[in-house]
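# heads up, no residue letters with this:
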């Protein structure tokens, strides 16, 4: 019986031979791919296009690992564990600017061709505690995933992952000890910097990137998640300098949740008025401003300098 679109919808992954076994000819498979009903995700692995199109970018990263695993069923391959950004996606962590490759770690380094052009191979001897099963796939533990990403990713991308790992209970001290056990491997110095800078109080990638900018600007240290009691109740600022009554808010609603409603805008104005009445200066930044660093630094410094002048008056 030839699979229909409905049948594809009930099953997400197909190897090429499985499609042939279901009665599809090579020509029929090519037509399904050409007309957009079937997506060739990687060599020897196909997925219904409707299913693939409905996945979020993060879900697609995790699904690529499942596709890689499915495409290798029945083949003789070197034992591998999904790791780095792929493991981070399987753990359900938010990532920023991830690459499309599937990352695997195995005891000995092999060429990418042994797994496919879409696979990034890493070599390491993993301990039993370093490996967990996620979605049926052998993957690096949350702790090991954080260390691997801290060593190999740019600082900002690694910090976003490290913040989430600490928030989920990965201890900072144990992470630093784990880095020492890795020995003189590439990226170890940057990894220590990432672990030391990580903050479990960060609530979004945008907040993490904001804090990264504050560190780079070498401003007076800000506190994360500052509670302020006002006449309208308790409000929490993303960052604050309580001694100067200066708060910093990352406003990522439009990027992540669409246009703010009238009710949301009203509550924001009400909240900010209550804070201002108590002498607070609130600096609001949006996603795009994180990448205009000179302008952002100048805005924050102006607010802090003005607060210092008021305090000295």
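Everything's here; your move. Bear in mind the structure is a predicted one, so any value in this text is a computation, not a measurement.
# quick one: average pLDDT of the strand or helix carrying residue 150?
Using DSSP states H and E, the element containing residue 150 is helix 142-152. The average of the pLDDT scores along helix 142-152 is 97.
# what's it packed up against?
Secondary-structure packing of helix 142-152 (3 or more Cβ pairs under 8 Å, 6 or more residues apart in numbering; DSSP states H and E): helix 84-90, helix 155-167, helix 172-182, helix 188-197. For every residue, glycine as well, the C-beta is placed using N, CA and C.
# Columns mean pLDDT and mean neighbour count on top of those helices, output as a markdown table?
Listed next are these as a markdown table, based on pLDDT from 0 to 100; neighbours: other Cβ atoms under 10 Å:
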| stretch | mean pLDDT | mean neighbour count |
| --- | --- | --- |
| helix 84-90 | 97 | 27 |
| helix 155-167 | 98 | 24 |
| helix 172-182 | 94 | 14 |
| helix 188-197 | 96 | 18 |
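# Is it possible to get JSON lines of these that adds distance to residue 61?
What follows is those, written out as JSON lines (distance: least, Cβ to Cβ, whole Å):
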{"stretch": "helix 84-90", "distance to residue 61": "4"}
{"stretch": "helix 155-167", "distance to residue 61": "13"}
{"stretch": "helix 172-182", "distance to residue 61": "23"}
{"stretch": "helix 188-197", "distance to residue 61": "20"}
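# Relative to residue 269, which of these is closest?
Residue 269 sits nearest to helix 155-167 of all the helices and strands packed on helix 142-152, at 29.6 Å, using Cβ to Cβ.
# Please name every helix or strand in contact with the closest one.
Using 3+ Cβ pairs under 8 Å, 6+ apart as the contact definition, the elements that helix 155-167 packs against are helix 142-152, helix 188-197, helix 205-217.
# cutoff 10 Å now
Contacts defined by 3 or more Cβ pairs under 10 Å, 6 or more residues apart in numbering; DSSP states H and E place helix 155-167 against helix 84-90, helix 142-152, helix 172-182, helix 188-197, helix 205-217.
# Helices of this structure, start to end?
5-10, 16-21, 26-34, 49-54, 57-71, 84-90, 142-152, 155-167, 172-182, 188-197, 205-217, 253-257, 262-277, 293-312 (DSSP state H).
# Comparing these, which comes out most buried?
Mean neighbour count (mean count of other Cβ atoms under 10 Å) peaks for helix 84-90 among the helices of the chain, with a mean of 27.
# What helices and strands are in contact with it?
Counting by 3+ Cβ pairs under 10 Å, 6+ apart, helix 84-90 packs on helix 57-71, strand 81-82, strand 102-106, strand 119-123, strand 131-134, strand 137-140, helix 142-152, helix 155-167.
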